[in-house]
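Novice: Give me a 3D structure for the following:
(2 chains)
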Amino acid sequence: KQEVTQIPAALSVPEGENLVLNCSFTDSAIYNLQWFRQDPGKGLTSLLLIQSSQREQTSGRLNASLDKSSGRSTLYIAASQPGDSATYLCISGGSNYKLTFGKGTLLTVNP
Amino acid sequence: NAGVTQTPKFQVLKTGQSMTLQCAQDMNHEYMSWYRQDPGMGLRLIHYSVGAGITDQGEVPNGYNVSRSTTEDFPLRLLSAAPSQTSVYFCASSINRRNTEAFFGQGTRLTVV
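Specialist: Below is the predicted model of the structure:
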């Protein structure tokens, strides 16, 4: 059974800092891995999708990497801003439609 | 292309009432699913469907019913609402069993009093 773990559960950083959010998974036979952000009381916004054949994806200040052999993905946020404050969710996609969710990292970027 | 549309966004029910949460997608996705999100619990799968006429239970199906008469729609029915069903509900869809990129609706915040 796939398990997805996100560490840390919460992170507080000063504005401008570069930071890394971590996601680990137990079953390396994933089809893809997605990173989402969720603002308080809001829905899930897709940030980056990494297919199993890919090592990383980039969008603006965000970079996500995938290492299936070690069961890890990281989300790198460069030059963090207060607007980046949100909960970041890691979701693995596996065979037979299976999605497995991490519990998220609550990021606070302080001005 | 609207993606995944959920209605309503907010709902307050009295204990024992029934209601249907609507979910529709216009991307011709095979897979649709319902999740509930509770503090500290993450997202938990309620029911899912891999095509019209095919549904199955997820992790927390009790008290909920689903049907999928068309590819586009996947309503979630609360048969007799209980305070324990107070939660945020998300509908999601994916293309097929090999392409599991997930698309989410905006959520329904349900309060049962």
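
Novice: Skipping adjacent residues, who's closest to the residue in chain A that chain B sits nearest to in space?
Specialist: Closest to chain B within chain A is residue A:93: 3.1 Å, counting by C-beta to the nearest C-beta. Bear in mind the C-beta positions are built from the backbone N, C-alpha and C, glycine included. Once flanking residues are discounted, residue A:93 sits nearest to residue B:100: 3.1 Å by C-beta to C-beta, 6 or more residues apart in numbering or on different chains.

Novice: do residue B:55 as well
Specialist: Residue nearest to residue B:55 in three dimensions, not counting chain neighbours: residue B:49, with 4.6 Å by C-beta to C-beta, 6+ apart.

Novice: what's the helix or strand encompassing residue A:46 packed up against?
Specialist: Using DSSP states H and E, residue A:46 maps to strand A:44-51. Contact here means 3 or more C-beta pairs under 8 Å, 6 or more residues apart in numbering or on different chains; DSSP states H and E; on that basis strand A:44-51 packs against strand A:32-38, strand A:56-59, strand A:62-67, strand A:72-77, strand B:103-104.

Novice: please redo it, this time with the cut-off set to 7 Å
Specialist: Applying 3 or more C-beta pairs under 7 Å, 6 or more residues apart in numbering or on different chains; DSSP states H and E, we find strand A:44-51 packed against strand A:32-38, strand A:56-59, strand A:62-67.

Novice: want to try JSON lines for those strands, with distance to chain B and mean neighbour count as columns?
Specialist: Listed next are these as JSON lines, based on distance: least, C-beta to the nearest C-beta, whole Å; neighbours: other C-beta atoms under 10 Å in any protein chain shown:
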{"stretch": "strand A:32-38", "distance to chain B": "6", "mean neighbour count": "23"}
{"stretch": "strand A:56-59", "distance to chain B": "12", "mean neighbour count": "14"}
{"stretch": "strand A:62-67", "distance to chain B": "14", "mean neighbour count": "19"}
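
Novice: For stretch B:18-32, list every residue counted as buried.
Specialist: By neighbour count with 16 or more other C-beta atoms under 10 Å in any protein chain shown, stretch B:18-32 contains the buried residues B:21, B:23, B:24, B:25, B:29, B:30, B:31, B:32.

Novice: residue contacts, the second one?
Specialist: In this case it means residue B:23. B:4, B:6, B:32, B:73, B:74, B:75, B:76, B:91, B:105 (C-beta atoms under 7 Å, 6 or more residues apart in numbering or on different chains).

Novice: sec struct for the nearest residue to residue A:23 once chain neighbours are set aside, please.
Specialist: Closest residue to residue A:23 apart from its sequence neighbours, by C-beta to C-beta, 6+ apart: residue A:90 at 3.4 Å. Of the three states, residue A:90 takes strand under DSSP: H, G, I helix; E, B strand; the rest coil.
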